[in-house]
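In: predicted structure and sequence below. I'll ask about it afterward.
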Amino acid sequence: MRISDVSIRNPVFAWMLFTALIVFGFISFSRMGVSQLPDVDFPVISVTITLNGAAPEIMESTVVDPVEDALSSVEGVINLTSTSKTGIATITVELDLDQNIDTALQEVQTRVAQAQRQLPDDVDPPIITKSNPDDQPILWLALTSTKHDTYDMMKYAKDVLKDRFTTISGVGDIVLGGYTDPALRVWIKPDALRKYHLGVDDILNAIKTEHTEIPGGFIQTANEAYNVRTMGEADSVAQFKDLVINKRAGQLIQDTSNALRLGQVARVEKGLADVYRISRFDGVRALGIGIKKQHGANAVDVANAVKQKIQEIQNELPEGMKVSVNFDTSRFIEQSVHEMISHLILAVILTSLVCWIFLGSWTATLNVLLSIPTSIMGAFIGLYFFGFTLNVFTLLGLTLAIGIVVDDAIMVLENIFRYNEKKYGAIESAIIGAREITFAALAASIAVVAIFLPVAFMKGIIGKFFLQFGITISLAVLLSLMESLTITPMRCATFVHSGIRSTRLGKAFEQMMENMRVQYQGLLYKTLAHRWKVVIFSVLFVLASFFSIKFLNKEMSPSQDMSAFIIRMKLPIGSSLEKSNNASRDLENWLLKRPEIKHVYAAIGGLGTASASDANNVMMFITMRDIGKRGIDPHLHHELTEQEFMGVVRKRMKELKDVKGAIMDLSA
C-alpha cells in the first residue's frame, strides 16, 4: 500500500496533518525574529587596548608586540594586523572560515589575559569583540538640550537613560556616541604654588591620599557588631576644595594649625574628561545613543518598544532635554519584510490564476492553492527550530518556493484528472493516479533539492548568508512533496471534479493551446531534421554564456535607495578637533538647508574609542526624506534619488574651503 492510499482511505488523518502544519507553522512564524540579514558571525576578532598619552611607537613596542606574540598561537589564525595610534591600539585577528568563532573568542581572551603580565601597569583592560553585522545598532537616538550644559547631559544619559533603555525586552547593549566621562577639573594656580613652595606632584599626591575611601573593617562587642566606614571621598566641589595638602616634597607639613587646602592653590570645577569627540544633531550639540538588539530578537519589535519608551520618558526628561530618533534601520527591515510578504501574496495570486487558466476548474485550482500554505507554513516550523530569522534570504527562498511547491500538486492533480476524464470514480482515480505519479513526483522534488541544497554548503562569507536560503527552499520543496503524495490525493478524492470548458474565455484558451501545439509540432519536426546544428548551436551558446560572466559587474548585495547615506571625511593628519569641527559645521549647515534632508548627525572625532589621533576624522549620518516627499531641485527639475543627491553632495564638498586637502567618501 502506497502512502497516498493511506490518506485517501483515511481523510480525517490527512486533514489533521494539514491542520497541524498550518497551526504549528503559524506559531513558529509568530515566534521567529525579524532582521534584515542572517545572524552571521564573521571570522574576525578585534582586540582594542588603550594607554592614555602613549605615543604610537610606544603602543607598538610595549603593547601590540606582546599581544601579537600571544595571539599568533591561536588555532585557525590566518592573518594578524594591528593599528597603533596615540593612546590606542587595535589588533585584528582573521580566522579560518571553518573555525568556531565562539571557541576562538574564548581562546583569544585567554591569550590576551596571559599577555597582560607583560603590558604596562597603566594600560586599560583590553576590549575583545567579534564581528557580526547583526551587532550594529538598529536605532541611533540623539539626546539634545537647550538649557543644560554638556556635563549634565552626559551624566543624565549615563546614569538614567542608559538604564531605562537597557531594561527593554530584546535590547542587548547601549552604545553612547560622542560620550565623554564627567570629571572634576583641577586648574592649578602657578602663583599659589610658588607662594606655598609646592610642586604639582604635591597636589597629585594630596588628591590620591585624601580623596579615597579605605575599608574600615569590622568591630564586634559583647552585644553589638559594627561595620566601620571611613568617609574619605569628597561628594561635591566644595568638599573637594577642602582636601588638605599635608606633604611638601614628600615630607609631612608640620604646621597643622593653619592647614593648607586644595582650593587655595587650584580652581576646582565640574567638567568633562579630555574631549576627543563632538557630536551634533541637526546643528545642536548632542549625544548619540545606539540601541543594539539581542541575537535572534525581532528587530522591528525591539525598535517599536524603544520608540514607545521614548514617548513615555519624554515628559520625564529635565526641562530643555529631548530624545529624537536619528537613524532607524528597523524601518528598512520592516519595509523589506513587508515587500517580500507582498511579493509572496502576489505570487500566490498569480499562481492561482495560471492554475485556473490551464486546469479550467475552480475546485482543482483550490486544491493546488491549498498546497501552498501547507508547504510554506510547514517550512516555518523547520526554520524556527534551526534558529533562523525572517530576513531577506529566508523570505527570498519562500517567495521562489511558491512556484515550485505547486509543481508536485499540479503533477499529481493532472494525472488524477486524466482518470476522471476517463470516467473512473473519484476515489479510484485518486488511488490509480497518485500511484502512477509517485516516482515522478519524487524524482522532480529531489532534482529541485539537488539544485538548491548545495547552496547551503558554499564556502566563504557568501556561503554563510546563503545557508538559510538553501535550507529554506529545500524544506519547502520536501514538504510540498509530502503534501502532494498525501493531502492532495485525499482532496482530489473528496471534492475535485473535472469538466469541459464552456465559457468564452475557456474555449478561447483551449483554441490558443491547440494552435500552440500545432506550431510546436512543426518546430519540433524542423529541429529533429537538423539535429547536429541544434546541438552545436546549444554548445556554443552555453560557452558564450560562461565567457560573458567576466564582463558582469560584481558586488555582495545590490544597491538600495534607503533614503540614508554616510559621509566619511578625513582632514590632513595633524588637524585639530576644532578645525575638524569647523569643517563639519560648514557642511552640516549646507545640508540642513537642502529640502531633501531630514536629519544630519555629525560625529567629529569618529564613533569608536576616543583618541586624540582621531581628531581629523568626521562621520555624518544623513537621513533623507522619503522619495515622493522631497523638495524639487531647481537644477535637475525632478525629485532626487539617494544616488543623485550623493553626486550633488560630492560637488559641494569640493567647493568648501575648510575641507580642502581632506579625503572624502560617501556610501549608502
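Out: Everything's here; your move.

In: residue contacts, Arg248?
Out: Listed by Cβ atoms under 8 Å, 6 or more residues apart in numbering, the contact set of Arg248 reads Tyr196, His197, Leu198, Asp202. For the C-beta atoms, the positions are set from N, CA and C on the backbone; glycine is no exception.

In: what does the first one show for phi and psi?
Out: Backbone torsions for Tyr196, taken as degrees, to the nearest 10, come to phi -100, psi 10.

In: run a quick neighbour tally on it.
Out: For Tyr196, the neighbour count with other Cβ atoms under 10 Å is 14.

In: distance of it from Val539?
Out: Distance, Tyr196 to Val539, using Cβ to Cβ, to the nearest Å: 97 Å.

In: do the same with Glu269
Out: According to Cβ to Cβ, Glu269 and Val539 sit 83 Å apart.

In: could you list the low-pLDDT ranges of the stretch 251-400 of the chain?
Out: By pLDDT under 70, the weakly predicted segments of the stretch 251-400 of the chain are 254-257, 296, 340, 360.

In: helices along that one, start to end?
Out: With DSSP state H, counting those that start in this stretch as the criterion, the stretch 251-400 of the chain has helices at 299-313, 329-359, 362-386, 392-421.

In: same for the longest one, what does it pack against?
Out: Using 3 or more Cβ pairs under 8 Å, 6 or more residues apart in numbering; DSSP states H and E as the contact criterion, the secondary-structure elements in contact with helix 329-359 are helix 299-313, helix 362-386, helix 392-421.

In: what's the helix or strand following the longest one packed up against?
Out: Pointing back at helix 392-421 there. Downstream of helix 392-421, the next assigned helix or strand under DSSP states H and E is helix 426-452. If you count contacts as 3+ Cβ pairs under 8 Å, 6+ apart, helix 426-452 packs onto helix 3-9, helix 392-421, helix 460-494.

In: show me what counts as buried in whichever helix or strand comes after the first one.
Out: Okay, so that is helix 3-9. Once helix 3-9 ends, the next helix or strand along the chain (criterion: DSSP H and E) is helix 11-31. By 16 or more other Cβ atoms under 10 Å, the buried positions in helix 11-31 come out as Ala14, Leu17, Phe18, Leu21, Ile22, Gly25, Ser28, Phe29.

In: can you give me the helices for the stretch 51-200 of the chain?
Out: For the stretch 51-200 of the chain, the helices defined by DSSP H, counting those that start in this stretch cover 56-58, 65-71, 101-115, 150-156, 162-166, 190-195, 200-210.

In: what residues are up against the nearest residue to Trp140 once chain neighbours are set aside?
Out: Once flanking residues are discounted, Trp140 sits nearest to Phe327: 4.0 Å by Cβ to Cβ, 6 or more residues apart in numbering. By Cβ under 8 Å, 6+ apart, the residues touching Phe327 are Leu139, Trp140, Ala564, His599, Tyr601, Phe621, Thr623.

In: same deal with Leu346?
Out: Contacts of Leu346 (Cβ under 8 Å, 6+ apart): none.

In: now it: how far from Ser352?
Out: The gap separating Leu346 from Ser352 is 11 Å, by Cβ to Cβ.

In: also Glu596?
Out: For Glu596, the distance to Ser352 - Cβ to Cβ - is 42 Å.

In: quick one, which of the two is more surrounded?
Out: Per other Cβ under 10 Å, whichever of Glu596 and Ser352 has more neighbours is Glu596, with 23 against 17.
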